[in-house]
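*Asks:* Provided below for reference: sequence and predicted model.
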Amino acid sequence: EAGVAQSPRYKIIEKRQSVAFWCNPISGHATLYWYQQILGQGPKLLIQFQNNGVVDDSQLPKDRFSAERLKGVDSTLKIQPAKLEDSAVYLCASSFTAGGLDTQYFGPGTRLTVL
Amino acid sequence: GENVEQHPSTLSVQEGDSAVIKCTYSDSASNYFPWYKQELGKGPQLIIDIRSNVGEKKDQRIAVTLNKTAKHFSLHITETQPEDSAVYFCAAKSGGSYIPTFGRGTSLIVHP
């Protein structure tokens, strides 16, 4: 089966610019997650969707980050305006369901560099 | 919330040796402990997991042990190979949360 797809793979922008990332989860997976992984650290959850509804966005910096999952399939994560500390790898993951011991499958990530 | 500590941050071994990575967690309600392997330029991939009602689980050269009393769990890799070189993350998830909390990762280097 096809895995989680993300694009672009790399992005370099200047601070205060805007950027958007795209994710296509595994077909049939109802739950989609966006993580931020800063160099040398484990992934940190930004937002979780169940179909097209938000389940948890408590760690999303809402003053600059936004995400949507229209039609409950693809998702986009946007940063506007970007700060230097936003430099990180942004990982998208999906799972069949949201609860229990459901395995999360991660995409390759988008490496963002903010200059 | 849950806090996961992972050690060591870097582990260097010779091919054929064993490698052990240790994690501790803070939330006694945590009941699911997955381990992920992340190769350069890729997302984390689940390699093994263990649930709170099991003390040990093995899959070929990889094993995980769990001590619920002490709130720590470990990943054991035997007969290491150069392709085992990667960053390994432990994670813990409590029954009340859908999201695992990750450790900071261990960079494993296997020298041929």
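*Replies:* Looks like it came in fine.
*Asks:* Please count neighbours and contacts with C-alpha atoms only from this point.
*Replies:* Will do.
*Asks:* Averaged over its residues, which helix or strand of chain A has the lowest pLDDT?
*Replies:* Ranking every helix and strand in chain A by mean pLDDT, DSSP states H and E puts strand A:53-56 at the bottom, with a mean of 90.
*Asks:* Just the CA trace of it, in CSV.
*Replies:* Extracted C-alpha coordinates of strand A:53-56, given in CSV (Å, rounded to 0.1, in the frame of the first residue of the first chain):
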residue,chain,number,x,y,z
GLY,A,53,-12.7,17.7,12.5
VAL,A,54,-10.0,18.8,14.9
VAL,A,55,-9.5,16.5,17.9
ASP,A,56,-6.5,18.2,19.5
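*Asks:* Can you list the neighbours in contact with it?
*Replies:* The contact list for strand A:53-56 (Cα atoms under 8 Å, 6 or more residues apart in numbering or on different chains) reads A:47-49, A:69, A:72.
*Asks:* The same query, at a cut-off of 10 Å, please.
*Replies:* A:31-33, A:45-50, A:67-72, A:98, B:98-99 (Cα atoms under 10 Å, 6 or more residues apart in numbering or on different chains).
*Asks:* Okay, now the sheet partners of it, with direction.
*Replies:* Using DSSP bridges, strand A:53-56 pairs in its sheet with strand A:44-50 (antiparallel).
*Asks:* Show the average pLDDT along the strand it pairs with.
*Replies:* Mean pLDDT, strand A:44-50: 93.
*Asks:* what do you get for stretch A:70-90?
*Replies:* When pLDDT is averaged over stretch A:70-90, the result is 95.
*Asks:* on that earlier part again, quick one: buried residues of the least confident helix or strand of chain A?
*Replies:* For strand A:53-56, the neighbour count (16 or more other Cα atoms under 10 Å in any protein chain shown) marks A:54-56 as buried.
*Asks:* Off-centre distance for the helix or strand just after it?
*Replies:* Downstream of strand A:53-56, the next assigned helix or strand under DSSP states H and E is strand A:65-68. Put simply, strand A:65-68 sits 9 Å off its chain's centre (Cα atoms, centre = their mean, to the nearest Å).
*Asks:* and A:Lys78, how far is that from A:Gln104?
*Replies:* As judged by Cα to Cα, to the nearest Å, A:Lys78 and A:Gln104 stand 22 Å apart.
*Asks:* Could you check which of the two has the larger neighbour count?
*Replies:* Using other Cα atoms under 10 Å in any protein chain shown, the more surrounded residue of A:Lys78 and A:Gln104 is A:Gln104, with 23 against 16.
*Asks:* out of everything not next to it in sequence, what's closest to that one?
*Replies:* A:Ser95 (4.9 Å; Cα to Cα, 6 or more residues apart in numbering or on different chains).
*Asks:* check contacts around the one you found.
*Replies:* A:Ser95 makes contacts with A:25-33, A:50, A:102-106, as judged by Cα under 10 Å, 6+ apart.
*Asks:* From the opening residue of stretch B:15-24 to its closing one, how far?
*Replies:* By Cα to Cα, the extent of stretch B:15-24 from end to end equals 27 Å.
*Asks:* Quick check: bridge partners of the residue nearest to A:Gln104?
*Replies:* Beta-bridge partners recorded for A:Ser95 (DSSP bridges): A:Thr31.
*Asks:* do A:Val19 as well
*Replies:* Beta-bridge partners of A:Val19, counted by DSSP bridges, are A:Ile79.
*Asks:* And for B:Cys23?
*Replies:* What pairs with B:Cys23, by the bridge criterion (DSSP bridges), is B:Gln6, B:Phe73.
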